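Participant: The following comprises the amino acid sequence and a computationally predicted model.
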Amino acid sequence: RRGRDLVLAAICGGGLALVSYTVMTTAPGPSIADWFLANAYSEGGGTNTVNVILVDFRAFDTYGEITVLAIVALTVFALLRRFRPASESTGLPEQQKLQDAADHRADDRQPGDTLGNYLLIPSVIMQWMFPAIILLSAYLFFRGHDLPGGGFSAGVTLAIAFLLQYLAANVRWIEDRLRILPTRWIGIGLLIATATGAGAFLFGAPFLTAHAQYLDLPLIGKVPAATALLFDLGVYAVVVGATVLMLIALAHQSLRHSRSRDKEDS
């Protein structure tokens with residue numbers, strides 16, 4: 001039996017090694033990637049080939065992706081909106097119970113003071129980071145057609161800025177000060193992307209056909225301008241709205257936990 005296993009292992013291992021060697025030593029044939037690299041600037045008006053593919057050459061695929069992302073976000077929100085945590089999961093963690101008990105025994109502290117003071121400095125730092133991350137998001141968006149960036153990465157960056165604010169403070173504190181309205185972000189983003197694609201019909205071109213040229217602005221010089229930037233703006237808005245909507249749906253579970261504990265205490 002061992003001899004049989006040894007023969008089978010040798011055959012499988014040798015076969016895979018032969019396949020790997022053949023793949024690595026065979027010259028690759030013509031690929032569509034070469035066409036994308038050669039025509040990204042002349043046909044799409046940008047040097048960031050990946051972003052040009054996303055918002056120009058394969059824009060219809062991207063349009064489908066952001067539509068699916070919007071549907072997923074709304075589905076997650078709808079499911080979690082009616083979700084109620086199990087009773088055994090609503091209690092405080094054991095570490096928090098011990099710390100609250102220690103705070104209660106101290107004459108100069110109230111339960112929860114230690115935790116609040118412990119997170120004070122990180123909370124302030126995360127709040128200070130908010131405008132800086134917004135600026136970084138805008139920078140990634142506007143440079144995405146020529147350098148690494150674009151609507152997807154910029155949208156995720158802005159969503160992280162909102163996420164940090166939820167981590168820095170509680171849900172009620174944030175939503176009393178910020179009106180994010182992620183469903184409007186999603187709707188406006190899909191509307192911008194659809195309108196940009198449909199605008200090509202006015203010029204007798206297929207849906208989502210992009211146009212790029214250089215504008216000669218006074219005191220600035222030639223500035224690249226592409227209709228794909230408007231489509232990328234729609235992608236940006238959908239990514240921000242969908243990501244933040246799912247994060248908010250998860251964050252609101254903490255409110256349900258606290259309500260469940262209040263009912264148990266009463």
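Facilitator: On my side now, so go ahead. As the structure is a prediction and not an experimental result, all values here were calculated from the model. Numbering: from 1, shown residues only.

Participant: pretty sure F207 belongs to a helix, no?
Facilitator: No: counting by DSSP: H, G, I helix; E, B strand; the rest coil, F207 falls outside a helix, being coil.

Participant: Can you report how many residues lie near it?
Facilitator: Neighbours of F207 under the rule other CB atoms under 10 Å: 14. For glycine as for every other residue, the C-beta is placed from the backbone atoms N, C-alpha and C.

Participant: Remind me which helix or strand the nearest residue to it once chain neighbours are set aside belongs to.
Facilitator: Nearest non-adjacent residue to F207, counting by CB to CB, 6 or more residues apart in numbering: G197, 4.8 Å away. Using DSSP states H and E, the element containing G197 is helix 182-199.

Participant: try P224
Facilitator: strand 221-226.

Participant: ok, the residue nearest to F207 touching G64?
Facilitator: No: using CB atoms under 8 Å, G197 is not in contact with G64; the gap is 11.5 Å.

Participant: between the two, who's got more neighbours?
Facilitator: G197 (21 against 11).

Participant: Kindly confirm my reading that V19 is in a helix.
Facilitator: Yes: V19 forms part of a helix when assessed by three-state DSSP.

Participant: Okay, now the unreliable bits of the stretch 151-266 of the chain?
Facilitator: The model of the stretch 151-266 of the chain has pLDDT under 70 over residues 256-266.

Participant: and if we set it to 90?
Facilitator: For the stretch 151-266 of the chain, applying pLDDT under 90 flags the ranges 164-180, 203, 209-227, 247-266.

Participant: quick one, helices of it?
Facilitator: Counting by DSSP state H, counting those that start in this stretch, one finds helices in the stretch 151-266 of the chain at the ranges 151-168, 171-177, 182-199, 228-251, 253-265.

Participant: Name the residues that touch the third one?
Facilitator: With CB atoms under 8 Å, 6 or more residues apart in numbering as the contact definition, helix 182-199 has outside contacts at 59-60, 63, 66-67, 70, 73-74, 207-208, 227, 230-231, 233-242, 244-245, 248.

Participant: For PyMOL, what selects the buried ones among those residues?
Facilitator: Those of the contacts of helix 182-199 that count as buried under 16 or more other CB atoms under 10 Å are selected in PyMOL with:
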select buried, resi 59+63+66+70+73+74+208+227+230+231+233+234+235+236+237+238+239+240+241+242+244+245+248
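
Participant: What's the separation between W35 and D232?
Facilitator: Separation of W35 from D232 (CB to CB, to the nearest Å) stands at 22 Å.

Participant: And the two? Which one has more around it.
Facilitator: D232 (30 against 12).

Participant: List the residues that contact that one.
Facilitator: 51, 55, 141, 144-145, 150-151.

Participant: CA atoms of the strand holding P224 as PDB?
Facilitator: C-alpha atoms of strand 221-226 as PDB (Å, rounded to 0.1, in the frame of the first residue of the first chain):
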ATOM      1  CA  GLY A 221      -2.500  75.900 -19.700                       C
ATOM      2  CA  LYS A 222      -3.800  72.600 -21.100                       C
ATOM      3  CA  VAL A 223      -5.900  70.600 -18.700                       C
ATOM      4  CA  PRO A 224      -7.100  67.100 -19.500                       C
ATOM      5  CA  ALA A 225     -10.900  66.700 -19.500                       C
ATOM      6  CA  ALA A 226     -12.800  63.500 -20.000                       C
END
